[in-house]
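S.K.: no sequence on hand, only this structure:
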């Protein structure tokens with residue numbers, strides 16, 4: 001079983017990789033059969049190929065920066081949650097997207113499930129709270 005400290009480190013690393021635009025690094029964190037639901041309510045993506053397309057078409061096509069806005073919360077049974085902010089352009093305007101990601105990890109420490117909680121109500125003009 002993955003430790004709470006490993007969950008904290010991996011989730012913090014995820015935000016660092018998003019900030020760097022390192023898609024290959026992000027994909028290396030995922031299990032081959034992982035699922036991604038981003039945002040929650042959209043049909044989940046299944047498997048590393050679908051997840052790779054998602055990151056390449058989204059993150060790979062945008063200039064973004066990412067910053068954790070609070071600590072990673074980790075359980076003792078392989079789950080974690082964290083708040084973070086993605087700064088980008090939305091509709092041609094500089095803005096910030098405030099997200100909470102919830103991840104489940106497999107025994108090897110790979111992400112087996114990622115759910116991103118956000119919607120348009122969580123987008124603010126850059127500099128607003």
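M.R.: Happy to help now that I have it. All of these numbers come straight from a predicted model, not from anything done at the bench. Numbering: from 1, shown residues only.

S.K.: now do the SS call for the residue positioned nearest the centre of the chain.
M.R.: Residue closest to the mean C-alpha point of the chain, counted by CA atoms, centre = their mean, is residue 101 at 5.6 Å. Classification of residue 101 using DSSP: H, G, I helix; E, B strand; the rest coil returns strand.

S.K.: ok, and the closest non-adjacent residue to it?
M.R.: residue 116 (5.3 Å; CB to CB, 6 or more residues apart in numbering). Every C-beta, even on glycine, is put in place using the N, C-alpha and C of the backbone.

S.K.: same deal with residue 11?
M.R.: Closest to residue 11 by CB to CB, 6+ apart is residue 72, at 4.5 Å.

S.K.: go on, residue 113?
M.R.: Nearest to residue 113 is residue 104, by CB to CB, 6+ apart, at 4.2 Å.

S.K.: show me the contacts for that neighbour.
M.R.: 78, 79, 111, 112, 113 (CB atoms under 8 Å, 6 or more residues apart in numbering).

S.K.: show me those residues that map onto strands.
M.R.: Among those, the ones falling in strands (DSSP state E) are 79, 111, 112, 113.
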